[in-house]
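1. Quick one: sequence and predicted model below, then my questions.
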Amino acid sequence: MDRERLCFDASVLRAFQFLEDRHDFRVVECGPTRVQYRREQFVVNVYHGRILYALGVEMSHPELDEGPAYEFADILGSIPGAGRGCAVPPMQPHTREKVAACVERLALQVREHCGALLEEDREAWKRLAQYRTNYSDPRADFVYGNTRRDAEQAWQEKDYVRVMRLYHPMREFLTAKELRRFAYARKKAGLLTRVWLASRNLFRSS
């Protein structure tokens, strides 16, 4: 698929204009799969994944948090009243119209819930760091470490049924990236099952 036809970058520039108008960010990168905003060291990435078409936002601010960029699921999870991040449904738009609608929805969530983070409120960033600490359960890494490695291998081999079966028992501890993979694997596994059933029924009727 020609990603430029989806007009992702144009949709982002339009929907996320408030980052420039209200919060003094500027666009430093604009492409068919990622638009990056920056204000000094504060970085906001809006992306449309190359493989899964997953739409998302991530934020990083080295002065306030030296860790890796925060995915939007964790960002929402840390904000009182916004709901746990893992409850955010994955958005994987494949058409120009759906891309525009999903980008608008994502921008609305950022505008409604992320004002304190965007204004570098230290308490908000502390809550975000604490949320990641709380949900990065070391027990889960101990119990599911091998499972994660197996799931990664299955993912690389495009064995989506196995990916789904491996992730399902540990879904409470999945990262935002793993949640997107789990959702994609479930979708693919369901499609494969339907194709198999259809071919079996066709064979029986012949």
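-> Structure received.
2. What helix or strand is residue 59 located in?
-> In the assignment (DSSP states H and E), residue 59 maps to strand 55-60.
3. And the average pLDDT for the helix or strand that comes right after that strand is what?
-> As assigned by DSSP H and E, the chain's next helix or strand after strand 55-60 is strand 70-71. In this model, strand 70-71 has a mean pLDDT of 87.
4. where exactly do the strands run in this protein?
-> For the chain, the strands defined by DSSP state E occupy 26-30, 34-39, 42-48, 55-60, 70-71.
5. Deepest-packed of the ones you listed, please.
-> Across the strands of the chain, averaging neighbours per residue (mean count of other C-beta atoms under 10 Å) puts strand 70-71 on top, at a mean of 22. Heads up, the C-betas are built off the backbone N, CA and C, glycines and all.
6. Parallel or antiparallel, list what pairs with that one.
-> Strands that pair with strand 70-71, judged by DSSP bridges, come out as strand 55-60 (antiparallel).
7. just the helices in the protein please.
-> With helices called from DSSP state H, the chain shows them at 8-15, 17-23, 72-77, 96-113, 115-118, 122-135, 138-156, 160-167, 176-205.
8. about what we covered before: of all the strands of the chain, which one is nearest residue 179?
-> For residue 179, the closest of the strands of the chain is strand 70-71, at 9.2 Å, according to C-beta to C-beta.
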